[in-house]
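# Would you be able to build a 3D model of this:
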Amino acid sequence: MSGPVLVFDSGVGGLSVAAAIRQRLPQAALAYVCDNAMLPYGTKPDDWLVGRIVDVCLAAVAACRASTLVVACNTASTLALRELRARLEIPVVGTVPAIKPAAMLTRSGTIGLLATSATVHRPYTDALIRDFAAHCQVVRVAADGLVTLAERKLAGLELDEAILAEELAPLWKRPELDTVVLGCTHFPLLVDQLRAQAPQPVAWIDSGAAIARRVASVVSGMGQPCSTDQAWATAPMPALSVALANYGFAAPQWLAVESLPHLLR
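Residues are numbered from 1 along each chain as shown. Predicted coordinates for the structure are as follows:
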């Protein structure tokens, strides 16, 4: 592996995936890029997002000479993996909600899917549930507010517990629910807060470990690790440096991206 493993997300959610990769491959060189200028992705048109995601990822891969790209965002993965793989010669690892392991783990047969609105309602998610959890009752909860809470947590800001409780409330209408899929990479960053809110024992399942295993299977070496890995962002955000530093990344450099803002609605 001549270059780092590049982790991409719209915001800081991909840091949960970066942490899983570091645990699995402690000697690997990593890089991180977030498209914080366009956060959140869930409110943007799909066609525009595909072009934007490809533009950002191509620019970041060129900037750090990445050997592998990890799309650490469920929305981006369901939309742009095919185009990214067509445009890049390096391996591209995507992210999908951990429906399959959750369906295998549950004892009650009732699982929750906690994700953003875009992920909860996508046909891709329908297919995952049909293929791997047809025998389960799946409680789908769109919890877009948790993205903002995760961003605030990593910036060292206070969290609004009332918002957290409101976002999770639909899950607890099913007292037999025993497993929850964290279908957004931001959500594992809040796992301590999620556990504290749960009125019953719940297993919280995310995709981080599975992504790390996939990365380990496609990289051919460990690269040249450094004491602080590089990071890029598409907009200045002082608090972002705090979050990145806590995960071993340097203060973000600005990433210039050729985009088409006039297409944004």
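
# Going by C-alpha atoms from here, please, whenever you check contacts or count neighbours.
Will do.

# and Ala37, what does it touch?
Ala233, Thr234, Ala235 (Cα atoms under 8 Å, 6 or more residues apart in numbering).

# what's the second one in contact with, if anything?
Just to be clear, that refers to Thr234. Thr234 touches Cys34, Asp35, Asn36, Ala37, Trp254, Leu255, Ala256, Val257, counting by Cα under 8 Å, 6+ apart.

# now the first one
Ala233 sits next to Val33, Cys34, Asp35, Asn36, Ala37, Pro252, Gln253, Trp254, Leu255 when contact means Cα under 8 Å, 6+ apart.

# Going by distance to Glu158, which of the residues you listed wins?
Ranked by distance to Glu158 (Cα to Cα), the contacts of Ala233 are led by Asn36 at 20.2 Å.

# is it true that that closest one touches Gly13?
No - in this structure Asn36 lies outside contact range of Gly13 using Cα atoms under 8 Å: 10.9 Å.

# More neighbours: which of those two?
Per other Cα atoms under 10 Å, whichever of Asn36 and Gly13 has more neighbours is Gly13, with 23 against 19.

# Now that one. Nearest residue, chain neighbours left out?
His186 (3.6 Å; Cα to Cα, 6 or more residues apart in numbering).

# show me the contacts for that neighbour.
By Cα under 8 Å, 6+ apart, the residues touching His186 are Val12, Gly13, Gly14, Ser16, Leu146, Val147, Ala150, Glu151.

# show me where pLDDT drops low in the chain?
In the predicted model, the chain carries pLDDT under 70 at residues 1, 220-228, 259-265.

# all strands in it, in order from the N-terminus.
In the chain, the strands defined using DSSP state E lie at 5-9, 30-34, 68-71, 92-93, 110-115, 137-142, 179-182, 203-205, 230-233, 253-254.

# In the protein, where's the longest helix?
helix 46-64 (DSSP state H).

# Can you list the neighbours in contact with that one?
3-4, 6, 8, 31, 33, 35, 41, 69, 76, 79-80, 83-84, 88, 232, 255-260, 263-264.

# got the buried residues for that helix?
46, 48-61, 64 (16 or more other Cα atoms under 10 Å).

# Just list the residues touching the spatially most central residue of the chain, thanks.
What sits nearest the mean C-alpha location of the chain, by Cα atoms, centre = their mean, is Thr185, with 2.9 Å. Taking Cα under 8 Å, 6+ apart as the criterion, Thr185 is in contact with Gly13, Gly14, Leu15, Ser16, Val17, Ala72, Cys73, Asn74, Asp206, Ser207, Gly208.

# rerun that using 10 Å as the cut-off
9, 11-17, 72-74, 95-97, 115, 147, 150, 206-208 (Cα atoms under 10 Å, 6 or more residues apart in numbering).

# Equivalent analysis for Val242, please.
Leu154, Ala155, Gly156, Phe249, Ala250, Ala251.

# For Met237, grab phi and psi.
For Met237, the backbone dihedrals (degrees, to the nearest 10) come out as phi -160, psi 100.

# residues contacting it?
Asn36, Ala37, Ala155, Pro252.

# do the same with Val12
Applying Cα under 10 Å, 6+ apart, the residues contacting Val12 are 32-36, 72, 147, 150-152, 154-155, 185-186, 189, 240, 243-244.

# Dihedrals phi and psi, it?
According to degrees, to the nearest 10, Val12 has phi -90, psi 0.

# From Pro101, how far out is it?
Separation of Val12 from Pro101 (Cα to Cα, to the nearest Å) stands at 24 Å.
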